[in-house]
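> Sequence first, then the predicted structure, then my questions.
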Amino acid sequence: MKTIYLAGGCFWCTEAIFQRIKGVVKVIPGYIDGIVKNPSYKDVCTGKTGHTEAIEISYDEKKIKLEDILEIFFSTHDPTTLNRQGNDFGTQYRSGIYYTEVKQKEVANLIIAKFEKEKLFQNSIVTEVKQAKPFFVAEEHINYYNQNKRQPYCSVTIEPKLNKLKTYFKNYIASENE
């Protein structure tokens, strides 16, 4: 089992996406890359803790490659906007890949270089690639989308990302039994 941390804006979005992927065993929302120990959601929203909203992904590399995880990640958020995803803005919404082993760093940098060379995005990728610092679980936000599908934020922001996932990555979506 491997672990990596991804920040792609609001963690409700990234959690909802990666909960549906084959080979992803566990997804936990939380905060990473900050200076405060055990920050609250309110603390992080001030932008003063240095944390970003992120998810911890535990995945089975025999069932899904890191390259595939990162392709899904880059395709379901905007990695070209600094400290912003849609209407969510602030350093807590920055795009980031926080690796737990050097190989993950190498893969992330290769994929970014490939996407930049292919000009996959209109603007340059600003996703930071850094070694993972302590991660703090956001207990009250676990499984948010699945429990709050009717909330306006979910229908306006998360649903389009899930539709994109279903359109472009349908072969990666786990069945209900997986």
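Received the coordinates, thanks. Predicted model only: the values in this text are computed from it and were never measured. Numbering: from 1, shown residues only.
> what are the ranges of the strands in the protein?
2-8, 24-32, 52-59, 84-85, 88-89, 95-99, 128-131, 135-137 (DSSP state E).
> Indicate which one of those is closest to Ser155.
strand 88-89 (15.5 Å; CB to CB). For the C-beta atoms, the positions are set from N, CA and C on the backbone; glycine is no exception.
> Sheet-wise, list the partners of that closest one with their directions.
Applying DSSP bridges, strand 88-89 is found paired with strand 84-85 (antiparallel).
> Which residues does the partner strand contact?
For strand 84-85, contacts defined as CB atoms under 8 Å, 6 or more residues apart in numbering pick out 8-10, 13, 77-78, 90, 93, 95.
> My read is that Val129 contacts Glu106, right?
No: counting by CB atoms under 8 Å, Val129 sits too far from Glu106 to count as a contact (9.6 Å).
> before we move on, back to that, so can I have TSV of the strands of the chain showing distance to Tyr168?
Formatted as TSV, the strands of the chain follow (distance: least, CB to CB, whole Å):
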stretch	distance to Tyr168
strand 2-8	15
strand 24-32	17
strand 52-59	19
strand 84-85	18
strand 88-89	22
strand 95-99	19
strand 128-131	23
strand 135-137	28
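> ok, now how distant is Val44 from Thr91?
Relative to Thr91, Val44 is positioned 9 Å away (CB to CB, to the nearest Å).
> Which one's more surrounded, those two?
Val44 (23 against 17; other CB atoms under 10 Å).
> show me the contacts for that one.
Contacts of Val44 by CB under 8 Å, 6+ apart are 31, 34, 51, 53, 92.
> which residues of this protein fall in helices?
Remark: helices assigned in the chain by DSSP state H are 11-18, 41-45, 66-75, 102-117, 144-147, 152-153, 159-168.
> thinking again about what came up before, take the strands of the chain and write them to CSV, including mean neighbour count.
As requested, the strands of the chain are exported to CSV (neighbours: other CB atoms under 10 Å):
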stretch, mean neighbour count
strand 2-8, 23
strand 24-32, 21
strand 52-59, 25
strand 84-85, 20
strand 88-89, 15
strand 95-99, 23
strand 128-131, 15
strand 135-137, 18
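> Make JSON lines out of the ones you listed and add distance to Glu118 and mean pLDDT.
Shown next, in JSON lines, are the strands of the chain (distance: least, CB to CB, whole Å; pLDDT from 0 to 100):
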{"stretch": "strand 2-8", "distance to Glu118": "20", "mean pLDDT": "99"}
{"stretch": "strand 24-32", "distance to Glu118": "25", "mean pLDDT": "98"}
{"stretch": "strand 52-59", "distance to Glu118": "25", "mean pLDDT": "99"}
{"stretch": "strand 84-85", "distance to Glu118": "22", "mean pLDDT": "93"}
{"stretch": "strand 88-89", "distance to Glu118": "27", "mean pLDDT": "92"}
{"stretch": "strand 95-99", "distance to Glu118": "18", "mean pLDDT": "99"}
{"stretch": "strand 128-131", "distance to Glu118": "18", "mean pLDDT": "99"}
{"stretch": "strand 135-137", "distance to Glu118": "31", "mean pLDDT": "98"}
